[in-house]
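*Asks:* Got a predicted structure here, sequence first:
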Amino acid sequence: MRTYGRLTLAVEKAGVRPQRGLTPETCRHRFPIFEQRVYINSCSQGALSDAVRAAYEQYLADWDEYGAPWEYWVERGEAARAAFAGLVNADPDEIAVTTSLSAGVSALASGLRYARRSKVVLTDWEFPTIGQIWHAQEARGARVTHVSAEPDGTIPLEHFDRAIDDDTLLVSITHVCYRNGAMVDVAAVVELAHARGALVLLDAFQTAGSLPLDVRALGVDFLGAGVLKYLLGSAGLGFFYCRRDLVERVWPTQTGWFADENIFAMDHTDYSPAHTAARFQSGTPPVPAIYAGIAGIELMEEIGIAATREHVNALNAHLLDGLDELGATVVTPRAAEHRGALICVRSTDAKELVTTLDRDGLVTSERDNNLRISAHCYNSLEDVDAVLAALQRHRRLLV
Ligand SMILES: Cc1ncc(COP(=O)(O)O)c(C=O)c1O
């Protein structure tokens with residue numbers, strides 16, 4: 001049993017034994033919701049596992065038993081940093097542990113100077129928070145340009161080619177669009193941006209945990225994500241990657257004492273941000289969400305992220321065939337390499353469809369009048385068949 005001083009590792013102490021050899025085919029029993037419902041909505045929130053529940057219970061037990069074990073809690077934050085680093089093939093000193101994706105991106109935006117280069121290029125696929133953060137920087141001199149998508153739901157590279165120029169400071173892209181499930185060709189955008197001297201930020205919220213991520217292979221300069229979707233954690237924990245040689249070129253003015261070079265110095269007389277990516281952090285870390293996030297990531301890694309990508313691709317191939325048979329309008333690209341885990345289907349009234357499916361025991365979500373169906377490691381072919389059967393019953397709500 002691993003120990004940290006008098007404290008023991010959450011899942012072991014709470015009696016949920018890490019189970020070696022878990023696979024997408026054998027992990028479902030770890031997620032109690034499937035006893036009641038078909039949960040196929042991981043683009044919004046991952047299903048709660050026994051391990052994450054135990055981690056939350058452990059947090060309360062530790063608080064109760066030890067009062068204020070801050071040294072241990074700060075160490076748990078470092079464990080989360082190491083887990084995030086491993087997840088994206090970065091070094092821990094390139095990772096900030098944040099309370100949301102927005103917190104990390106905002107710290108970055110506050111620390112850039114929009115002077116010699118002032119243009120920020122983003123796509124029409126961005127999550128609202130990304131657009132809002134960059135537009136907020138217009139007050140500090142940023143010029144924001146949007147790269148538009150084609151009516152067929154793709155963003156051709158030529159659109160980036162036209163937008164990225166010698167005045168471009170940063171290109172902000174989302175890996176997989178939360179509204180239509182389409183995947184950006186990250187490597188191609190990075191190549192174009194870097195050739196013109198621009199930096200690239202990747203919003204990987206819709207891919208972290210659903211497919212292997214490697215910041216070195218992708219070539220991105222910054223990456224943000226959170227744990228509550230495909231990483232099986234909960235709200236309140238995110239992370240932000242900054243390539244090491246860029247860390248000290250950014251001077252976040254949105255900050256806090258957990259961004260300091262020495263948080264224990266308690267020095268209120270100056271601002272000395274960490275020499276690592278911890279400079280993108282802010283105030284007191286989200287300790288309960290850190291317990292849960294570590295448990296979620298460990299469980300996801302045990303199940304296997306690459307194996308999950310393959311499993312979900314097979315489920316989605318079956319789903320797409322079934323949707324074609326129904327004559328449904330799929331707005332997600334067909335080729336597996338051009339989409340994430342999420343499949344989106346046009347509806348006449350997506351809110352009504354989600355409510356109707358919910359009454360049938362199926363949990364999905366909607367955006368932009370699209371039904372969102374997002375399978376993860378714990379879903380099965382039977383789940384997909386249940387979705388297809390329900391959509392056939394409610395065919396009138398599909399376009
Ligand atoms: C693609 C994407 N980016 C960002 C977010 C929001 O991130 P946060 O609330 O952690 O800032 C979401 C959440 O749904 C998302 O899907």
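*Replies:* Perfect, I can see it now.
*Asks:* CA atoms for contacts and neighbours, from now on please.
*Replies:* Will do.
*Asks:* Identify all contacting residues around stretch 127-135.
*Replies:* Under the criterion Cα atoms under 8 Å, 6 or more residues apart in numbering, residues 102, 105, 106, 109, 120, 122, 142, 144, 172, 174, 177, 178 lie in contact with stretch 127-135.
*Asks:* What segments of the stretch 101-250 of the chain are strands?
*Replies:* Along the stretch 101-250 of the chain, counting by DSSP state E, counting those that start in this stretch, strands occupy 119-123, 143-147, 168-174, 199-203, 222-226, 238-242.
*Asks:* Name every strand pairing with the first one and say which way it goes.
*Replies:* So the one you mean is strand 119-123. Strand pairing for strand 119-123, determined by DSSP bridges: strand 143-147 (parallel), strand 168-174 (parallel).
*Asks:* any idea of the mean pLDDT for it?
*Replies:* On average, the pLDDT along strand 119-123 is 98.
*Asks:* Now render the strands of the stretch 101-250 of the chain as a markdown table, adding mean neighbour count and distance to residue 263.
*Replies:* Formatted as a markdown table, the strands of the stretch 101-250 of the chain follow (neighbours: other Cα atoms under 10 Å; distance: least, Cα to Cα, whole Å):
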| stretch | mean neighbour count | distance to residue 263 |
| --- | --- | --- |
| strand 119-123 | 24 | 32 |
| strand 143-147 | 19 | 35 |
| strand 168-174 | 25 | 30 |
| strand 199-203 | 23 | 27 |
| strand 222-226 | 26 | 23 |
| strand 238-242 | 29 | 19 |
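*Asks:* quick one on the thing from earlier: can you tell which of the strands paired with strand 119-123 is closest to the ligand?
*Replies:* With Cα to the nearest ligand atom as the measure, strand 168-174 is the member of the strands paired with strand 119-123 nearest the ligand (6.2 Å).
*Asks:* Quick check: buried residues in the longest helix seen in the chain?
*Replies:* Scanning the chain for the helix with the most residues, using DSSP state H, yields helix 305-326. Of the residues in helix 305-326, 305, 307-313, 315-316, 319-320, 322-323 count as buried by neighbour count, 16 or more other Cα atoms under 10 Å.
*Asks:* Please apply the same query to stretch 256-275.
*Replies:* Using 16+ other Cα under 10 Å as the test for burial, stretch 256-275 gives 256, 257, 258, 259, 260, 261, 273, 274, 275.
*Asks:* repeat for stretch 34-46
*Replies:* For stretch 34-46, the neighbour count (16+ other Cα under 10 Å) marks 38, 39, 40, 41, 42, 43, 44, 45, 46 as buried.
*Asks:* quick one on the thing from earlier: sort out which one of the contacts of stretch 127-135 lies nearest the ligand for me.
*Replies:* residue 102 (3.5 Å).
*Asks:* neighbours of that closest one, just the number please.
*Replies:* Counted with other Cα atoms under 10 Å, the neighbours of residue 102 add up to 21.
*Asks:* so what's it up against?
*Replies:* Taking Cα under 8 Å, 6+ apart as the test, what residue 102 contacts is 129, 130, 133.
*Asks:* Mind giving me the ChimeraX select for those residues, buried ones only?
*Replies:* Buried residues within the contacts of residue 102, by 16+ other Cα under 10 Å, are selected in ChimeraX with:
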select :130,133
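*Asks:* Save the contacts of residue 102 as CSV, and put in distance to residue 237 too.
*Replies:* Supplementary listing: those in CSV, determined by distance: Cα to Cα, whole Å:
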residue, distance to residue 237
129, 16
130, 17
133, 19
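*Asks:* List the ones among the contacts of residue 102 that fall in helices.
*Replies:* Under the assignment DSSP H, those contribute 129, 130, 133 to helices.
*Asks:* Distance to residue 197 and pLDDT added to the residues you listed, as TSV?
*Replies:* Shown next, in TSV, are the ones in helices among the contacts of residue 102 (distance: Cα to Cα, whole Å; pLDDT from 0 to 100):
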residue	distance to residue 197	pLDDT
129	25	98
130	21	98
133	22	98
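*Asks:* Tell me how many other residues crowd residue 162.
*Replies:* Neighbour count for residue 162, taken as other Cα under 10 Å: 9.
*Asks:* So residue 389 belongs to a strand, correct?
*Replies:* No. Applying DSSP: H, G, I helix; E, B strand; the rest coil, one finds residue 389 to be helix, outside a strand.
*Asks:* how close does it get to residue 319?
*Replies:* With distances taken as Cα to Cα, to the nearest Å, residue 389 is found 11 Å from residue 319.
*Asks:* before we move on, what about residue 161?
*Replies:* Using Cα to Cα, one gets 34 Å for the distance from residue 161 to residue 319.
*Asks:* Next: residue 307.
*Replies:* With Cα to Cα as the criterion, residue 307 and residue 319 are 18 Å apart.
*Asks:* Understood, closing this out.
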